[in-house]
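Undergrad: Pasting the sequence and the predicted coordinates here, then a few questions.
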Amino acid sequence: MSERRPTRLDTPRDTKRAPLVRRPSYDSDKFGVFAEEFARFMGTARFLLYMSGFVVIWVLWNLFAPTDARFDDYPFIFLTLMLSLQASYAAPLILLAQNRQEVRDKVIAEQDRQVAARTNADMEFLAREMASLRTAIGEVATRDYLRSELRSLLAELDERLDEPDEISTPRPRPEA
């Protein structure tokens, strides 16, 4: 037997309805790439020249064309509408491109931080190794130290050979 939960009046029913109109789907990455390319193009001198040429042609046509061929009489209300529409679409696309660039900058900054941390750890390791090598070298006898010790031992032996022994007879000194 299935157990029915009592319905409460203070909570809405959990009903799933099929949407009446299906929302259009799009690839956000492709749209973002389009926005970046659009923003990049709008930041060029070519775009400014194209827009300036478009506005100049629009104004000249509507000033000097025959009256019945003009499509935007003074005070150029339709031109203002067109430029407003262009700006209203350009601004969000530019913001989208900036947001994508900000995300990329964050990823690059994180990678740089990780590389800097690894480099710092490597430098600390190498500094400890250098310190241990200096300590180890300080404990190792060098060639000059060994020569000086051998010379002092040879001098001490020479002194002993030169002193007469009371018990033994002097020995001939070996030649070096």
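TA: Now that the structure is in, tell me what you want to look at.

Undergrad: Could you use CA atoms for every contact and neighbour count after this?
TA: Noted.

Undergrad: so where do the helices sit in this structure?
TA: Secondary structure of the chain (DSSP state H): helices at 28-42, 45-64, 77-139, 143-162.

Undergrad: The longest one to helix 28-42, inter-axis angle?
TA: What separates the directions of helix 77-139 and helix 28-42 is an angle of 100 degrees, with axes from the mean of the first three to the mean of the last three CA atoms, to 10 degrees.

Undergrad: What helices and strands are in contact with helix 77-139?
TA: Judged by 3 or more CA pairs under 8 Å, 6 or more residues apart in numbering; DSSP states H and E, helix 77-139 is in contact with helix 28-42.

Undergrad: List the buried residues of the helix it packs on.
TA: Neighbour-count burial for helix 28-42, counted by 16 or more other CA atoms under 10 Å, picks out 32, 35, 36, 39.

Undergrad: Alpha carbons only: can I get that helix in CSV?
TA: Output of helix 28-42 as CSV, limited to C-alpha atoms (Å, rounded to 0.1, in the frame of the first residue of the first chain):
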residue,chain,number,x,y,z
SER,A,28,27.5,30.5,-24.5
ASP,A,29,31.1,30.0,-25.5
LYS,A,30,30.4,30.7,-29.2
PHE,A,31,28.4,33.7,-28.2
GLY,A,32,31.2,34.9,-26.0
VAL,A,33,33.7,34.5,-28.8
PHE,A,34,31.4,36.5,-31.1
ALA,A,35,31.1,39.2,-28.4
GLU,A,36,34.9,39.4,-28.0
GLU,A,37,35.4,39.7,-31.8
PHE,A,38,32.7,42.3,-32.0
ALA,A,39,34.2,44.3,-29.1
ARG,A,40,37.6,44.0,-30.6
PHE,A,41,36.3,45.3,-34.0
MET,A,42,34.5,48.2,-32.3
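
Undergrad: and it, average pLDDT?
TA: Average pLDDT, helix 28-42: 89.

Undergrad: Next, the angle helix 45-64 makes with it.
TA: Using the same axes, to 10 degrees: helix 28-42 against helix 45-64 is 70 degrees.

Undergrad: Give me the contact list for helix 28-42.
TA: Contact with helix 28-42 is made by 47, 48, 90, 93, 94, 96, 97, 98, 100, as judged by CA atoms under 8 Å, 6 or more residues apart in numbering.
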